[in-house]
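Q: turn this into a structure:
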Amino acid sequence: MDEAVQRLLDEAAIKKVHIRYCRAVDRRDWDLLRSCYHPDAIDDHGDFEGGYVGGVDGFIDYCIQGTPYFLSTSHFTGNQLVEVDGDKAWAEHYARAYHRIAGKDGEPDRDETANVRYVDKMERRNGEWRFLHRIVIVDTERSDPVTTRWAPDALLRGTRDRSDPSYG
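A: Residues are numbered from 1 along each chain as shown. Coordinates of the predicted model:
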């Protein structure tokens, strides 16, 4: 196959891994999330109290335990830069992470929004691209109380599991 065509196919496959990651987190699809990482991969969501640095199984536990009050999440991807070198690659994905958090003790729900970048070291093994090391960088964030809702309740709403309409 032509080298330029192979590079484009590799870039598309790498971008798709990131998109699958976003879907997996938003839908709480832990099998899909696991499929984005090599078994020996490291995920770095921040080395701080409340953050996580470690393997994929620990990251999934972190997501399960850390998100019980998340009413919804949406990850929107923008710029994606991918550089491929044989079976190794580097990628940077800009994203906006939106989380609606249930209010506590009579407080209103909150919309938490962050502009983040995912910086990935990727590896192709057995013909499949997956994360080998993923770092999340937060560039900006904000938190706003939800004081009004404009959409009628009759609209079809997404769910944070495989019952979401996108799973057909």
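
Q: which element is the spatially most central residue of the chain on?
A: The central residue of the chain, meaning the one whose C-alpha is nearest the mean C-alpha position (C-alpha atoms, centre = their mean), is residue 22 at 3.5 Å. In this assignment (DSSP states H and E), residue 22 forms part of helix 3-27.

Q: tell me how far residue 89 lies from residue 71.
A: According to C-beta to C-beta, to the nearest Å, residue 89 stands 35 Å off from residue 71. For glycine as for every other residue, the C-beta is placed from the backbone atoms N, C-alpha and C.

Q: then residue 110?
A: Residue 110 sits at a distance of 10 Å from residue 71 (criterion: C-beta to C-beta).

Q: these two: who's more crowded?
A: Set side by side, residue 110 and residue 71 give different neighbour counts by other C-beta atoms under 10 Å, the larger being at residue 110 (18 against 15).

Q: so what pairs up with that one in the strands?
A: Beta-bridge pairing of residue 110, defined through DSSP bridges, involves residue 101, residue 145.

Q: tell me which stretches of this protein form helices.
A: Under the criterion DSSP state H, helices of the chain are mapped to 3-27, 30-34, 56-66.

Q: would you list these in CSV and tack on mean pLDDT and distance to residue 161?
A: CSV is the format used below for the helices of the chain (pLDDT from 0 to 100; distance: least, C-beta to C-beta, whole Å):
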stretch, mean pLDDT, distance to residue 161
helix 3-27, 97, 6
helix 30-34, 98, 10
helix 56-66, 93, 12
